[in-house]
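Engineer: I would like the atomic coordinates for the input below:
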Amino acid sequence: MLKHVAALFVVLGTALPAGPLAGKRIASFTLPDSQARYHDVLDYRGKVLLVDIMKTDCPHCGMFSRVLERVKSRYGNRLNVLSIVNPPDNQQTVAAYVARHKITTPVLFDFGQAVAAMLHITPRNPSIKLPTLLIVAPDGIIREDLVYDDSRKDIFEGDGLFHILDRILAESAPRKK
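Structural biologist: A predicted model of the protein is given here:
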């Protein structure tokens, strides 16, 4: 009996991370990277997109950046990764962060508007917890809205994200006729 309860917990545990934004369309944005190249979220339709909202002095964000580099290495062109920073981060703090963590994916600069739209930040909901990860399906719908906390440490610091991505990529794969 205990074995069945544990198995059910594992199954439910992989299905529960969705978050309050899951099922909603990601807010549209166009943001620059450090080379002044603009990235439009609509250009990433057709593949799974990971949107990492982070800060360069956040210790959990640094650990998660390493996980995202492993994700990009494992899945290659099957998905895209974009990280977004807000002030006080700037060109210098991002350049140092990219060098320190060997980031190969774009880090985009926002001044709060895009992140506020994506996370539904309002006067009633004024805070952002970091890191936050939105996993967006090829059709632009947010599949997972994940915020770091101790219960999700394996997702942000271990291999837990791979299990979620394997499921989403399998569900997003074109059906063979």
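Engineer: isn't F162 right up against V71?
Structural biologist: Yes. Applying CB atoms under 8 Å, one finds F162 in contact with V71, separated by 7.3 Å. (Glycine included, C-beta is placed from N, CA and C.)
Engineer: not counting sequence-adjacent ones, nearest residue to N90?
Structural biologist: Distances taken as CB to CB, 6 or more residues apart in numbering place F109 nearest to N90, at 8.0 Å, with adjacent residues excluded.
Engineer: so what pairs up with the one you found in the strands?
Structural biologist: Per DSSP bridges, the residues bridged to F109 are V85.
Engineer: ok, now how distant is it from A22?
Structural biologist: F109 sits 26 Å away from A22, going by CB to CB, to the nearest Å.
Engineer: the more surrounded of those two?
Structural biologist: F109 (18 against 15; other CB atoms under 10 Å).
Engineer: give the contact list for that one.
Structural biologist: Counting by CB atoms under 8 Å, 6 or more residues apart in numbering, F109 makes contact with L31, P32, D33, S34, I84, V85, D89, N90, V94.
Engineer: let's go with 10 Å and repeat that
Structural biologist: Neighbouring residues of F109 by CB atoms under 10 Å, 6 or more residues apart in numbering: 31-34, 36, 84-87, 89-91, 94.
Engineer: going through those, which ones are buried?
Structural biologist: Neighbour-count burial (16 or more other CB atoms under 10 Å) is assigned, among the contacts of F109, to L31, D33, I84, V85, N86, D89, V94.
Engineer: taking the residues you listed, tell me the two that lie furthest apart.
Structural biologist: Across the buried ones among the contacts of F109, the longest distance by CB to CB is 14.2 Å; it joins D33 and N86.
Engineer: what's the helix or strand for the residue most central in space within the chain?
Structural biologist: For the chain, the residue nearest the mean C-alpha position is L133 (2.9 Å; CA atoms, centre = their mean). Following DSSP states H and E, one finds L133 within strand 132-136.
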